[in-house]
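# Fold the following for me, if possible:
(2 chains)
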Amino acid sequence: MSLMKKNNQNAVERIINLMQADDSVDAPNDAILWSKNIFKTRAVGENRSMVETIKAVLKIDLMPGKPAFGERSGSSGAARQMLFDAGDSSIDLRIKPTGKGFELRGQILGDGFANAKVFLGEFETISNDQSEFRVENVPSGKYNLIIKGDRTVEISGLLLKT
Amino acid sequence: MRKEKRIDIKFSAKKLETSDAALVKKCRRGDEISWNALVDRYQRLIFAVPRRAGLSEAQSADILQEVFLTLFEKLDEIERPEKIRSWLVTTAKFKTWSAVRSEKGFYSAQTEEEMEFEMASLKDEAPLAEEKLIELEQQHQIRTALKELEERCQKILSMIYLTEPSASYAEVAEAIGVGSTSISPLRARCLKKLEKILTS
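Numbering: from 1, shown residues only, chains lettered A, B, ... in the order given. Here you go, the predicted structure:
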């Protein structure tokens, strides 16, 4: 038998063995859907054209009941509180698990974010006159939070999980 | 005990690499359909990495999400889009290893270099041994190549090799509407076509 023919036969044998040993399964549907939905935030980003995006940086992260350094008691309620710096603005986020996922409430502290568009993965809302916003029933996962006001700020990789 | 003969065969699968590269490039241009196709193509392989390392379904789903998030963030920085499979497996391996280490209460490596150093210094890296990862990658290549074949070949090979228990020739013949004596040569021809996609 020629060497090439033998190699081909070995390759076919290898293919058969691998197919028979393949016990992999599909990932859960919600994880697949979440992974697909990430891309929607890119589509939002494409439309931002020349507007500068400011990446927000986490400054304070208070878990429910855990006091910050120097505080006498922890943050009240069951909400996790996070404070981000975004250039000359700050973002105050409160994340609370609910029966149907998470409720995320936030306020942008700084001018130019009243009635701003807020995107969280596939969720979309508009902030009020006080630059406050709320998104409900958000499933667990990692999200990019994008707020488009006079300028755009972004919080990348926001993890929502219990 | 019979020693298993090890066959070192790599699938070059240039056609699949070209198809991967095209998907990545379309994603960069904002094409959501291509992103969805990329997720569909790779979800099973990425999910298999942490599962093979012994992580739970929920932990493995988290890692899958993290890998795709990282890909999304670095989409424009990937230098060789045709090698996206290796990039995804390496990223899944890194995140899996960090999760395993963190679960055991060890310090988690923060960079790929740190992880490689840690892995090299450990005696037992069995959960993510290179051979197992190669096997997973090759199984992925076969599944992807199978989809390139005509429907009849997909059906024949899936019924014979991918179902448990394997279908008999008579069952396959009935499913595709031919005589059972035709199955053996058809199977051989389909395998040949599959091998051609994988090795050319």
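
# In chain B, what helix or strand scores lowest on average pLDDT?
helix B:112-121 (a mean of 61; mean pLDDT, DSSP states H and E).

# With chain A instead?
Here the helix or strand of chain A ranked lowest by mean pLDDT, DSSP H and E is strand A:53-55, holding a mean of 73.

# Could you pull out the helices in the chain for me?
Assuming you mean chain A. Assigned by DSSP state H, the helices in chain A fall at A:3-21, A:29-46.

# wait, chain B
B:14-28, B:32-52, B:57-74, B:84-103, B:112-121, B:130-146, B:151-157, B:169-176, B:183-199.

# Minimum distance to A:Ile147: which of these has it?
Ranking the helices of chain B by proximity to A:Ile147 (Cβ to Cβ) places helix B:57-74 first, at 18.2 Å. The C-beta positions use only the backbone N, C-alpha and C, and glycine is treated the same way.

# other SSEs contacting the closest one?
Contacts defined by 3 or more Cβ pairs under 8 Å, 6 or more residues apart in numbering or on different chains; DSSP states H and E place helix B:57-74 against helix A:29-46, strand A:141-148, strand A:152-160, helix B:32-52, helix B:84-103.

# can you tell me how far A:Leu160 sits from A:Arg80?
With the distance defined as Cβ to Cβ, to the nearest Å, A:Leu160 ends up 9 Å from A:Arg80.

# From the centroid of chain A, which residue is nearest?
Geometric centre of chain A, nearest residue: A:Tyr143, 0.7 Å, by Cα atoms, centre = their mean.

# And for chain B?
Centre-nearest of chain B using Cα atoms, centre = their mean is B:His140, 2.9 Å out.

# Not counting its neighbours along the chain, what's nearest that one?
The shortest distance from B:His140 to any non-neighbouring residue, by Cβ to Cβ, 6 or more residues apart in numbering or on different chains, is to B:Leu45 (4.1 Å).

# Centroid-wise, who is the farthest residue in chain B?
B:Gly179 (34.1 Å).

# neighbours around the nearest residue to it once chain neighbours are set aside, how many?
Nearest non-adjacent residue to B:Gly179, counting by Cβ to Cβ, 6+ apart: B:Ala173, 6.1 Å away. A count of nearby residues for B:Ala173, using other Cβ atoms under 10 Å in any protein chain shown, gives 18.

# Verify the contact between B:Ala173 and B:Ile183 for me.
Yes - taking contacts as Cβ atoms under 8 Å, B:Ala173 lies within contact range of B:Ile183: 5.3 Å.

# mind checking how far the residue farthest from the centre of chain B is from chain A?
23 Å (Cβ to the nearest Cβ, to the nearest Å).

# Quick check: phi and psi on that residue?
Main-chain torsions, B:Gly179, degrees, to the nearest 10: phi -70, psi 150.

# which residues touch the residue nearest to the centre of chain A?
Residues in contact with A:Tyr143 (Cβ atoms under 8 Å, 6 or more residues apart in numbering or on different chains) are A:120-121, A:157-158, A:160.

# make it 7 Å
Going by Cβ atoms under 7 Å, 6 or more residues apart in numbering or on different chains, A:Tyr143 touches A:120-121, A:158, A:160.

# For chain B, tell me which of the residues you listed show up nearby.
Among the contacts of A:Tyr143, no residue is within reach of chain B (Cβ under 7 Å from any Cβ of the partner chain).

# List only those of those residues flagged as buried.
A:120-121, A:158, A:160 (16 or more other Cβ atoms under 10 Å in any protein chain shown).

# if I look at A:Thr98, how far off is chain B?
On the measure of Cβ to the nearest Cβ, A:Thr98 and chain B end up 19 Å apart.

# Give me the distance between that residue and A:Arg134.
A:Thr98 is 12 Å from A:Arg134, by Cβ to Cβ.

# More neighbours: which of those two?
Set side by side, A:Thr98 and A:Arg134 show more neighbours around A:Arg134, with 14 against 11, by other Cβ under 10 Å.

# my guess is that one contacts A:Gln107, does it?
No - when contacts are counted by Cβ atoms under 7 Å, A:Arg134 is not listed as touching A:Gln107 (9.9 Å).

# Enumerate the residues of chain B near chain A.
Counting by Cβ under 7 Å from any Cβ, the residues of chain B close to chain A are B:7, B:9, B:30, B:32, B:35-36, B:39, B:43-44, B:47-48, B:57, B:61, B:64-66, B:68-69, B:72-73, B:135, B:138-139, B:142, B:161-162, B:191, B:194-195, B:198-199.

# The residues you listed, buried ones only, as a PyMOL selection?
Command for PyMOL that selects the buried part of the residues of chain B next to chain A, burial taken from 16+ other Cβ under 10 Å:
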select buried, chain B and resi 9+35+36+39+43+44+47+48+61+64+65+66+68+69+72+135+138+139+142+161+162+191+194+195+198+199
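
# ok so, going back, give the intersection of the neighbour lists for A:Leu160 and A:Arg80.
Common neighbours of A:Leu160 and A:Arg80 (Cβ under 7 Å, 6+ apart) are A:Ile95.

# Isn't B:Ile160 up against B:Ala173?
No - using Cβ under 7 Å, B:Ile160 makes no contact with B:Ala173, being 11.3 Å away.

# Just list the residues touching residue 59, thanks.
Picked chain A for this. Contacts of A:Lys59 (Cβ under 7 Å, 6+ apart): A:83-85.

# Chain B was what I was after
Residues near B:Gln59 by Cβ under 7 Å, 6+ apart: B:50, B:99.
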